[in-house]
Structure formats: structure tokens, C-alpha cells
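**Student:** Build me a model:
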Amino acid sequence: MCGISGIIADFENSKLIEVVHKMTDRLAHRGPNAEGFYVDENIAFGHRRLSIIDLSDESNQPFIDNTGRYIIVFNGEIYNYKEIKLLLTDYNFRTEGDTEVILAAYIKWGELCLDHLNGMFAFSIWDKNENKLFIARDRLGVKPFYYFHNADFFAFSSEIRSLLSSTLIERKVNFEAIKDFLTYSSVSAPNTIIKNIFQLMPGECGILIDGKLEKKYYWQIEKNYVGTVPDNYEIIKKDIKNLLTASVERRLISDVPLGAFLSGGIDSSSIVALMAEVSSNPVNTFSIVFNERMYDESKYSQIIAKKFNTKHTSILLKPEDFLKILPEALKAMDTPTGDGINTYLVSKLTKNAGITVALSGLGGDELFAGYPLFDQWKSVNNFNFFWKLPKSLRLLVGNAIEAGLNDNKVGRIKEMLSVEDFNFSSVYPVLRKLIISEDINKIFKPDNFEFNIIENILSERLNDIKKLPFYSQVSVGELLSYTLNTLLKDTDQMSMASALEIREPFFDYKLVEYVMQVPDKYKFRKYKKSLLVESLSTLLPSEIVHRPKMGFVFPWDVWMKNELKDFCEDKIYRLAKSSIFESSQIIKIWEDFLAGNKRVLWSYVWQLVVLENWLLENDIQD
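**Tutor:** Now for the predicted structure:
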């Protein structure tokens, strides 16, 4: 796990060196163990290393092959690198790590090397003989790849702020992304918060030659199938257990201390249970605990820790500790997020406990229909006849509902009723919105346009998505929106702020491909995620399976009106002065929140605060 950066430009070597050093220095927190550079005519690579596999200096990057023709910078882990290495008998390896395996695989198979890689990754390979750059991002988008491209140069990095540190890119806000952020609490790939900085999409690769970048998908979740899944519940359960076990086992490879997050929920408990099953040593587990019973999950994490004899560490967190750490958590944001503080906190405390790699239960809800959204989409489809009515009639129904109720959900229902065509690409983005368009548009100047990038992406893939079961359709939507743009982005930026590597076994692409084809009737037979639970047989105690879902939350509503009031108010009034917002509407949101208006959610206000704080911290222009 590391930080990568690079630039391809017709600059003097001295300028290339200056630029790549600035970018790489900005990534120091991601890789405290080593730094390295490669500079040649028209190209410079930089690397910061967090040593995980093969801790020797021989595996430092940028890494050059035996002939001196190919150079790689790589961020991530290839979990099956030892199996791939056995296929590369014609290459003379100098290291025991996965970086050299990627390079050797590329030399042998070209871009088809990606078909062999199972892991989380973002990398660039320079072919010195052909002056060709090959770039790629992993299938699920676990690792980020940001880039800027114009007529003068191509630059890439693991972080947006690293690219901005080059001083070559204008610090101009992307208005389209601002609307996206306030609607969904994150910016949707391939966009970023900065104008003209983009991301590679999950499963995407590209080739840069003579300043021209050509990208393509080598894997797409809605297209890649493993064959027909048998219509047999017992076989499906067995297959899922085997695939998830193999995924966990692959993610235990490490030359540094390794542990797991354990909340005591179904997902994290499943991962810890399988770790204990395949590991010869006791598993190191970590939980955040609270004195306040309404937030504390220690009862459940202790049940799992005792059952599987883990080396368990409970870390007590007091409200005053959280508020004290908040400023540094905000500074750690590479891109604004309304939902990343918790990840920063857990990662920092786990790293301080001596762990460098931690497994997470992230992904269980997305694959096994754990969110209410899954049932909402299926319920909407049960009224298919209604969606065939003219839009004007549907709007009348929406107006009637709005007149009778005063609730946040009403606006979302009304917006859903107003879609032109009823299909997944038009309805899912509405179901996923945190703030509806009507409320978002009130705070922006009226000359701004309307665009929903999630709807656009899903529309392009709709023909293939429609072939999947209803629950799997929602999984695709989640993995291409909320999971990618919020959960995985927060996991990366907030964990790497403390140089902690997080691995997500539920996001093994082989498991994902299989579960995408499982019929709906098997995903929710008795209770939510029963397929996952029953696939693990008796591993999970009933107290865990049927416990109330708590989530990792804090009393933000109270804090923002008390301890954080001055901080929030300062940012709100600063944001109100921006040229893109209606000043009076921004201030009204704050005043309504303080007055206790239940339609003004604390999360909406907090997003405005975080946005302004990030723009200010990074000197971003309107």
C-alpha cells in the first residue's frame, strides 16, 4: 500500500524533478517507509512506500525491470501474486514482492495481465522503448487513480491534493461536482471536486501515447459472469462459503502485523470467524467502545472475540476525545466527505495499537441486500402498472401526497414520480439521494444546469443491468455510486492518513461475480442477509444474527448546536459569500437547523460545513 505520482511532459528534467517531488511529498502520510523517484526524458515517477510484502529495499519503487525498459509505480496489493509468479518462468525475479510480478506479467501478456490480477490496485507502467504509458485501476475501485490531462502534460496521483501540489493545475472548483456532493455526500467518479481532474473508473485501464489517452474497460460488474448459478440453495450456500473463505485467506498475506475491525455486526463477525478458521494464530481484533449504551456495541464484539479466541482490544472513546481529534480528521480529507470521520478515528486508533493491515467487513450489505434500498427497488417494481401512467397523472399523485404529509421522504417520492421513463437508471439515483433536487436547487444561483452523473453512468449500462435479478441490480447501483464514491473513497483517504492498509474480503471480484447471479429468492428468505449467515452455517451466534442494527454514529445534531456551533457557523457564513450560492438560502438552512426544523437534517448542514472547510483549507476558487 503506497502513494504514487507521475508526470509525462515535454519539460526540462529539472522541472520534471521539481514537479514530481512536490507531488510525492504531499503523499508522505501514505508511505512512511521509503520514497523513490525515476526521471528520464519527458517522464518522472514518484513513490511513497508503506511496506507490507517483502520489506527489503529491493522492492522499493519506482521499480525497473531487468532490461531497464519498463518502470512501474504501484499502489495496492495483489493477493494472488504467488500463483501468477509460477506462470512467469521466463522472467528472472529479484524480489519476493507483488510489484515485480505485475511488471513481469505486463511484459509477458501486455494489458491482458489485468485478467490475472486479483487484488486492489492502481498502477502506471512506462515503456521506455515505445514512450508508452499504461495505467489501470482495480475492478471494484478500491484504490484511487486521479489524473489531469491537457495538451501540455499528463499527470497522475493517488490523491487530488498531490496533483494540486504540482502547481501546474488551476485550483478551480468543479460546479457539477459540488451539486453531486451535496446530493449524495460524495463526488461521483469519474469526476472530482476540482475542475479537469478526473478518476479512472473501476475496471478501467488506459494507454497514453504521444499525448493521446485511450481508455477502455477490462471488467464491468454487470457484464462479467462466472456461468450459470445453480438453482439450488444448498449448493449456493456452499459456493459462497468457499469463495468468501478463499477471499479471506488471500487477504491474510502480510509481512507486518495484521488484524481486523470487529463491531460485532454480521459482516465484521463473518470476516473474523473465517479469519479464525483459516489462520493458525489468534486473530487480532479491534473495537471502538463507548460509555454511552446507545452507541456501545461491545457486548456483541465481545461475544465474537470470546467465541473465536481473538486477541481483542477494546478502545474506549469519549465524546471529548472525538471532538479533540476532529480538526486533524478534517485536515486528512483529500476530498470532502460527509461520512469519513468515523473511518479516520478507527484507523488512527488501530494503527496506534501497532497494526499495519486490517480486514474490514465493508461490502456485506452491498452484496447480500442489507440496505432498505434493495426492498424499496423491488417494491417499486411491484407497482409497474402505475409507472405506465402519463407523467402528469403521476405528478398529481405526488402533489396529493405532499399536501397530506410534511416529511423528508415525501420530496423523494414526488421526485421519483416525475421521472420521464421508469427504469433502474432513472429511479435508483432518486432513491439514493440524501437531499432532493428541489432543495439542492434552492441554494444555487438560477443559471446553473441540471446533471446527474450517476443516472448517466447507469443509463449507459442499463441493457446489461436489466438482465440481472432485482437485488443484483441494486448491488450494481451501490457499487458504482455510494460504495465507490463514499465508502471506498473514505476508507482509502482516511485509513491512509494514518498509514493503515484496509482490506475488504467481500470485494473479491470472484465472489462478487457469483453473488450477482444469485436469484432474489435466496438472498432474503427469512431475514436480511440470511444467505450470508446460512452460508457460514453455525459460525455466527444467534445473538449476532438477530441483534439490533446500531451503526457507528455520534450525536452530531447536539454537538453542532453546542460544542461545534461556532465552527459550523463560521463555515456556513463563509460559504454563503460564494458566487455560486444563494446567500440567503444557505443562512436560512443554518437558522432553521438551530431552530429545530426537522426537515433540515444535521447531515445536510454538516456537508455544507465540510465543503467550505475543505475549499478554504486547499485554497480552491469558485
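
**Student:** so how many other residues sit close to Phe451?
**Tutor:** 12 (other Cβ atoms under 10 Å). Using the backbone N, CA and C atoms, a C-beta is placed for each residue, glycine as well.

**Student:** Relative to Phe198, how far out is it?
**Tutor:** Using Cβ to Cβ, to the nearest Å, Phe451 is found at 15 Å from Phe198.

**Student:** again with Val515
**Tutor:** Taking Cβ to Cβ, one finds Val515 at 30 Å from Phe198.

**Student:** what do you get for Phe121?
**Tutor:** From Phe121 to Phe198 the distance is 18 Å (Cβ to Cβ).

**Student:** Ok, Ser347 next?
**Tutor:** 26 Å.

**Student:** Those two - which one has more neighbours?
**Tutor:** Higher neighbour count among Ser347 and Phe198: Ser347, with 25 against 17, using other Cβ under 10 Å.

**Student:** Let me see the contact set for Phe154.
**Tutor:** By Cβ atoms under 8 Å, 6 or more residues apart in numbering, the contact list for Phe154 reads Ile7, Ile8, Ala9, Leu133, Tyr147, Phe148, Leu208, Gly211, Leu213.

**Student:** Quick check: which element contains it?
**Tutor:** strand 153-157 (DSSP states H and E).

**Student:** What does Ser360 show for phi and psi?
**Tutor:** In terms of degrees, to the nearest 10, the main-chain angles of Ser360 are phi -130, psi 150.

**Student:** Would you mind measuring from it to Pro505?
**Tutor:** 8 Å.

**Student:** Now the common contact residues for those two.
**Tutor:** Taking Cβ under 8 Å, 6+ apart as the contact rule, Ser360 and Pro505 both touch Ile271.

**Student:** Show me the residue sitting in the middle of this structure in space.
**Tutor:** The centroid of the chain falls nearest to Leu488 when counting by Cα atoms, centre = their mean (1.5 Å).

**Student:** That one contacts Leu140, correct?
**Tutor:** Yes: with contact defined as Cβ atoms under 8 Å, Leu488 reaches Leu140; the gap is 7.4 Å.

**Student:** which residues touch Leu133?
**Tutor:** Counted by Cβ under 8 Å, 6+ apart, Leu133 has contacts Ile8, Ile43, Ser124, Ile125, Trp126, Asp127, Phe154, Ile207, Leu208, Ile209.

**Student:** same thing but 10 Å
**Tutor:** 6, 8, 43, 45, 71, 124-127, 154, 156, 206-209, 213 (Cβ atoms under 10 Å, 6 or more residues apart in numbering).

**Student:** Most widely separated two among the residues you listed?
**Tutor:** Between any two of the contacts of Leu133, the greatest separation by Cβ to Cβ is 18.4 Å, found for Ile71 and Leu213.

**Student:** Which one's more surrounded, these two?
**Tutor:** Under the neighbour definition other Cβ under 10 Å, Ile71 and Leu213 were set side by side, and Ile71 has more, 22 against 13.

**Student:** part of a strand, is that one?
**Tutor:** Yes: assessed with DSSP: H, G, I helix; E, B strand; the rest coil, Ile71 lies in a strand.

**Student:** So what pairs up with it in the strands?
**Tutor:** Ile64, Trp126 (DSSP bridges).

**Student:** who touches it in this structure?
**Tutor:** 6, 38, 40, 43, 45, 61-65, 103, 124-128, 133.

**Student:** again with His546
**Tutor:** Per Cβ under 10 Å, 6+ apart, neighbours of His546: Ile266, Tyr527, Val533.

**Student:** tell me the least confident of these?
**Tutor:** On pLDDT alone, Tyr527 ranks lowest of these, at 85.

**Student:** one step back: more neighbours, Ser360 and Pro505?
**Tutor:** Taking neighbours as other Cβ under 10 Å, Ser360 and Pro505 compare with Pro505 leading, 29 against 25.

**Student:** quick one: that one and Arg251 touch, right?
**Tutor:** Yes: shown here, Pro505 and Arg251 form a contact pair, counting by Cβ atoms under 10 Å, at 5.4 Å.

**Student:** Quick check: neighbours shared by these two?
**Tutor:** With Cβ under 10 Å, 6+ apart, Pro505 and Arg251 have common neighbours Tyr79, Ala260, Ile271, Met275, Leu359, Ser360.

**Student:** Among these, which ones are in helices?
**Tutor:** Counting by DSSP state H, those place Ile271, Met275 in helices.

**Student:** Which two of the shared contacts of Pro505 and Arg251 have the greatest separation?
**Tutor:** So, the shared contacts of Pro505 and Arg251 by Cβ to Cβ: farthest apart are Tyr79 and Ala260, at 15.8 Å.

**Student:** Right, I'll call it a day here.
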